Structure formats: C-alpha cells, structure tokens
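In: Using only what follows, build the 3D model:
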Amino acid sequence: MIINLAYIIACVFFILGIKKLSKPATAGQGNFLSALGMLIAVVAVFFENYVVQSWNSSDWLQNGYAWCFAAIAIGSVIGAIWSKKVKMTGMPELVALYNGFGGLASALVAFSQFYNNPLGNSVIASTAIGITILIGALAFTGSMLAWGKLSEKITGRAIVFKGQNFINMLLLLAAICAIVIYAVPGIDFQLKFYSILALSGISLIFGIMFVLPIGGGDMPVVISLLNSLTGLAVAAAGFIISNTVLIVSGCLVGASGTILTLIMCKAMNRSIGNLLFSGFGSVKVSAKKGSGAEPKAISTEDAFMILESARSVVIVPGYGMAVAQAQHAVKELSEHLESNGAEVNYAIHPVAGRMPGHMNVLLAEADVPYEQLKTMDEMNPIMATQDVAIVIGANDVVNPAAENDNSSPIYGMPIIKAYECKTVFVLKRGKGHGFSGIENDLFTMPNTLMIYGDAKATISTLAGEFKAE
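Out: All right, here's what the predicted structure looks like:
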C-alpha cells in the first residue's frame, strides 16, 4: 500500500514537472520536481516485498544490491559532473546521449527478464519483451548516430542509397518474425535464445538505418521522435516487470515526444509518414542556378547607425548564437535598443537550433523576458513593418528558397519571413553554408547586409556603440 502511494506521488511529481517545464520562469522548478519524483520511485523499488525478502541474504554481491547502489552512486557522480561541464552548444548531443541510454536500459531490462525466465513467460509478456528490445535497441543506436551527426564526428548530411527503404522494410519484418518465434509457446529454449539474439542485432542495425537518411538540419525532429520511442520502450519495460511508475513515466515521455514530433513536422510542412519512410531531410541537388549576386558586407559601425534610427527590431536566433554563446550579449543589445526607443522581439522557429526548444532555453538562460519570445505565426504577419531583422546564425528557417524554389529540399517548409523586413543584418562566421548545406537566397537580397565574424563579438561591439552614445 505504501509502495503504491509512493509510486503515485512520484507520478504526480512527473506530471507537475512536465507542466512547469512549459515555461522558462518555472522550468527550474519543473526539473526539481521531476528529479524528486524519480528519487522517490527509485527508493520505493528497494522496499518492494520481493526486494525486502532478499535483504536477508548476507552475500550482497550475490543478491545484486551492492551493484545497484554502486551503479546509482557512479551514475549520480557522472550526471552531476556532466551537467556542470556541458556547454549550451553541447546540449543537443547530451540529450541524444541521455535518450540513447534510456533506450538501452529498457532493452537490458527486457533481456534480463528473458534470461531469468527463458521459457516461463506468457505470450503477452514474451511479446512485450520482444517489443521492448526492438524499440529500446533502435532508440539506442539511432540516438548514438544522431549524437555523431550533431557533434559533427560524422557527416551531418543525409546518407541515402538505392534500396534503402526496402532494406529497412526487410529489417522490420525480420524483427517481427523474431518476436513471433520467441512469443509462440512450445518452441525450445535454443531457438528462443537465437531469436532474441537475432532480434537484438537486427534492432541495433535498424536504429542506424533509421537515422542515416536524416539530414543534420532536421535533427530537432529526429531527437523528438527518438525521445518518444524511448518513452514507449520504458513503458513496455514497466509492463514486463509490473512497475507502475515506469509505465506512467514512459507513457508521459512517449506521448509528449509524439505530440512534439507532430508539431515540429507541421512546422516543417512534412507528414509523419514522410519522416518515417521518405528519406526525410535528404538534400537534393537544386536545378535552380544562382543569380550570381554577391552578399553585401557591412561594418559594425555602419550597422550601428542603422540600428540607432530603428523603431522596431526583430532578432532571429539560430545555432550560430549557441556556438558563439552570444545570448547574454544579445540581451544587452536588446536593452540598449529599448532604451533608445525601439520595440524588440525575438522570432523563434520551431526547429531552430539542434533540438526542440533550443533557442528558448538559450534566451531564458540570459533572462530575456518570455513575452518577447514570439512564435513564427505571431511574427510573420508583422515582419514587413519591422525596421531591422537581426539573423544570428540561422539558415534554413529564414531561407526564401522554401517558398520560391520547388527544387530545394526545404521547399514548402514554413519560414520566418525575415526577407520582408526593411533591412536585414545576417551575422555569420564566414561565407560557408549552414549545417544542412543548403544555399540561402536571403544572403544576396538587396535589403540584406552581412556582418561576418564571431556573433558574440559583433553584438558586444554594437552594444558598446550604444553605451558610448
């Protein structure tokens, strides 16, 4: 009774934590409540009846709890150090790694249930074990590959080859067959064992094949989808071991990840079917030839003169802002612009950055007022009235090719219409392409001025000009 009450309290904390995470002002409380709920759930497990009964054993290595406490201690230390040292630019990679480890843990729980009772599981339980291994292993290798692409340890481009979808379909069918062989009663242990091994290997390969055709620019959607898959694996693992808190928390993660994936697909004008089966994010070669125009560069001194007379400014952040750690400098510049009489807003695209909500987290870290963070739908209708748009390291989310070049891989994706502003400043480190490798027509438009160099240094210089005035 007390254990079930503890699980209910933990689940309530999870729900409250997710609710509070929806706003930057309460996100810290949300993290704390969620962590507290997990602590309660972990402690409660050690007071389950079957666990308490095994405490009588004097051999802690034999009953396994010494290993459990050691793992908790080591994991806590690693988590604390990692969270302190990781930079905001590395947050997407960290999320991918955490997500992958969650999938792997679920698959290992399922495999341990098979190992402990290889022939005694019911058809339903055996099916749940197979599904958990499939989803958990897929999420693990898929997340590891996503981490490699995000950290640029491997190419961020989509990797597509002939017959790829056919191979993926064969892998999925083979995994289903392995689950059926394991779940059917009366089959001897050796065949069940080989079917589980085959399922594990197929699932690991399937995870890699699943993420290979995803272009780096589409990683926010992929991370969200893999997160939902990990949630489903956790829920299935909870069903296997009859743990309520795992089922509830897994369903929460799976449902929220699925909803976020659908929202982001809508923001990119793509269907979930396109994401799963159509080489989502693959970069096609555009048949459209460029105009031959060169981007026009401008100095920070000249940019200051334009900003000084601006009455409305919209800032469009992208991953470049995260790389430069420029969010605090951007906040300082915004304050100077407001003191000079300008209205300042931030236009946030749903897939800006490398993970869902990446820009919101960065700007919240700099204490940017939440009411200044506007969605794409809120800002686009008034873009033409804005005096200046400052694009900081964004590429695809402001690329007009999404609207006027049907040969572009991002054609049809809703964008922030920065090109409609009277003047556009684009802050870039150099003249290279963005992470997805797609050329941006915005850079050569008549009203666009490029400011090359480190974004933080550029913004700080502009803020210094205002301070000197």
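In: And Leu16, how close does it get to Tyr370?
Out: Separation of Leu16 from Tyr370 (CB to CB, to the nearest Å) stands at 19 Å. All C-beta spots, glycine's among them, are computed from the backbone N, C-alpha and C.
In: meant to ask about Met413
Out: The separation that Met413 has from Tyr370, given CB to CB, amounts to 26 Å.
In: Of the two, which one has the most company?
Out: Met413 (21 against 12; other CB atoms under 10 Å).
In: Where does that one fall, secondary structure wise?
Out: With elements taken from DSSP states H and E, nothing contains Met413; it lies in neither a helix nor a strand.
In: how far away is Ile315 from Ala347?
Out: Using CB to CB, one obtains 7 Å as the distance from Ile315 to Ala347.
In: So for these two, which sits in the more crowded spot?
Out: The neighbour count for Ile315 versus Ala347, taken as other CB under 10 Å, is higher for Ala347 (28 against 25).
In: ok, what's across the strand from that one?
Out: Beta-bridge partners of Ala347, counted by DSSP bridges, are Lys374.
In: Can you name the residues that contact Ile3?
Out: When the contact criterion is CB atoms under 8 Å, 6 or more residues apart in numbering, the partners of Ile3 are 44, 47-48.
In: can you pick the most crowded of the residues you listed?
Out: For these, counting by other CB under 10 Å, the largest number of neighbours falls to Ala44: 21 neighbours.
In: so where do the helices sit in the stretch 1-150 of the chain?
Out: Counting by DSSP state H, counting those that start in this stretch, the stretch 1-150 of the chain has helices at residues 2-20, 27-45, 49-53, 60-63, 65-85, 91-116, 123-150.
In: Repeat that for the stretch 201-350 of the chain.
Out: 219-240, 244-267, 272-277, 300-308, 319-324, 327-339.
In: Gln29 is nearest to which of the ones you listed?
Out: Shortest distance between Gln29 and these, using CB to CB, is found for helix 244-267: 17.2 Å.
In: Who are the packing partners of that closest one?
Out: Contacts of helix 244-267 with other secondary structure elements, assessed using 3 or more CB pairs under 8 Å, 6 or more residues apart in numbering; DSSP states H and E, are made with helix 2-20, helix 27-45, helix 219-240, helix 272-277.
In: now do 6 Å
Out: Under the contact criterion of 3 or more CB pairs under 6 Å, 6 or more residues apart in numbering; DSSP states H and E, helix 244-267 touches helix 2-20, helix 219-240.
In: Determine which of those approaches Met91 most closely.
Out: Within those, the stretch nearest Met91 is helix 219-240; the backing value is 10.7 Å (CB to CB).
In: Give me the contact list for that closest one.
Out: 96, 99, 102-103, 106, 109-110, 113, 128-129, 131-132, 135-136, 139, 142-143, 146, 150, 214, 246-247, 250-251, 253-254, 257-258, 260-261, 264, 351, 354-356 (CB atoms under 6 Å, 6 or more residues apart in numbering).
In: Are any of those residues buried, and if so which?
Out: Of all the contacts of helix 219-240 considered here, the ones buried according to neighbour count by 16 or more other CB atoms under 10 Å are 96, 99, 102-103, 106, 109-110, 113, 128-129, 131-132, 135-136, 139, 142-143, 146, 150, 214, 246-247, 250-251, 253-254, 257-258, 260-261, 264, 351, 354-356.
In: pLDDT value on Phe32, please?
Out: Turning to Phe32, the model gives it a pLDDT of 92.
In: same deal with the one 4 residues further on?
Out: Confidence at Leu36, expressed as pLDDT, is 94.
In: what's the most buried one of the helices of the stretch 201-350 of the chain?
Out: Neighbour counts (mean count of other CB atoms under 10 Å) averaged over each of those peak at helix 219-240, with a mean of 26.
In: Residues contacting stretch 441-458, please?
Out: Contact with stretch 441-458 is made by 293, 295-298, 300, 303, 320-321, 324-326, 329, 392-393, 398, 400-401, 419, 423-427, as judged by CB under 6 Å, 6+ apart.
In: Repeat the analysis, applying 7 Å as the threshold.
Out: Contacting residues not belonging to stretch 441-458 are listed as 291, 293-298, 300, 303, 320-321, 324-326, 329, 392-393, 398-401, 418-419, 422-430 [CB atoms under 7 Å, 6 or more residues apart in numbering].
In: got the buried residues for it?
Out: Under the neighbour-count rule (16+ other CB under 10 Å), stretch 441-458 has 441-445, 448-451, 455-456, 458 buried.
In: Okay, now the unreliable bits of this protein?
Out: 24, 49-64, 88, 118-120, 156, 216-217, 273-292, 430-437 (pLDDT under 70).
In: Break it into its domains for me.
Out: Taking automatic domain parsing as the domain assignment, the record places the domains of the chain at 86-282, 300-468.
In: need the contact list for Glu48.
Out: Contacts here follow CB under 7 Å, 6+ apart; on that basis Glu48 touches Ile3.
In: Give me the distance between it and Glu93.
Out: Using CB to CB, Glu48 is found at 36 Å from Glu93.
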